[in-house]
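*Asks:* Provide a 3D model corresponding to the input given below.
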Amino acid sequence: AVVAVTDGSISAAGADRLTVAVSAAAFNKLAVSLASPQINGTAFTGTNTLTAQDAYGNTVTSFAANTNNVTVTTSLTGAITGLGSGVNNVLNQAGDFSSGVAN
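*Replies:* The predicted model follows:
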């Protein structure tokens, strides 16, 4: 995209072009993405992801589970497995998220 600006304090290299770099803001929410439609009463299939995001939906690549523990709970019957250890099924290790995403 080309952004033309007129401002005495902004200088952009090249014929009125301004390069804009977007950086993620602070962690705000977790987004769940399921690989395929899930069936009631059946374990999830495929690689499902949990992504740390800012308020605008950008991935927060610096998110670390060891400083921001994630506890997963449900009111549904059955067990949640594959999310760390302990009765609360926590993601609490630095390597649980890679570039803001846990698979």
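*Asks:* mind listing the strands for the protein?
*Replies:* For the chain, the strands defined by DSSP state E occupy 29-33, 49-53, 70-71, 90-91, 101-102.
*Asks:* mind checking which of those strands is nearest Asn40?
*Replies:* Closest approach to Asn40 among those is made by strand 29-33 (16.7 Å; Cβ to Cβ). Quick note: C-beta positions are derived from backbone N, CA and C, even for glycine.
*Asks:* quick one: low-confidence ranges for this structure?
*Replies:* Scanning the chain with the threshold set as pLDDT under 70 gives 1-22, 76, 78-89.
*Asks:* wait, what's in contact with Thr61?
*Replies:* With contacts defined as Cβ atoms under 8 Å, 6 or more residues apart in numbering, Thr61 is in contact with Ala24, Ser99, Gly100.
*Asks:* right, I mislabeled it, should have said Asp54
*Replies:* Per Cβ under 8 Å, 6+ apart, neighbours of Asp54: Ala24, Ala25, Ala26, Phe27, Asn28, Val60.
*Asks:* for those residues, work out which two are farthest apart.
*Replies:* Ala24 and Asn28, at 9.6 Å, using Cβ to Cβ across those.
*Asks:* so these two - more neighbours on which side?
*Replies:* Neighbours per residue (other Cβ atoms under 10 Å) separate Ala24 from Asn28, with Ala24 holding more: 19 against 14.
*Asks:* so how far is Ala52 from the more buried one?
*Replies:* Note on Ala24: its distance to Ala52, by Cβ to Cβ, to the nearest Å, is 9 Å.
*Asks:* quick check: neighbours shared by these two?
*Replies:* Both Ala24 and Ala52 are contacted by Thr59, Val60, Gly100, under the criterion Cβ under 8 Å, 6+ apart.
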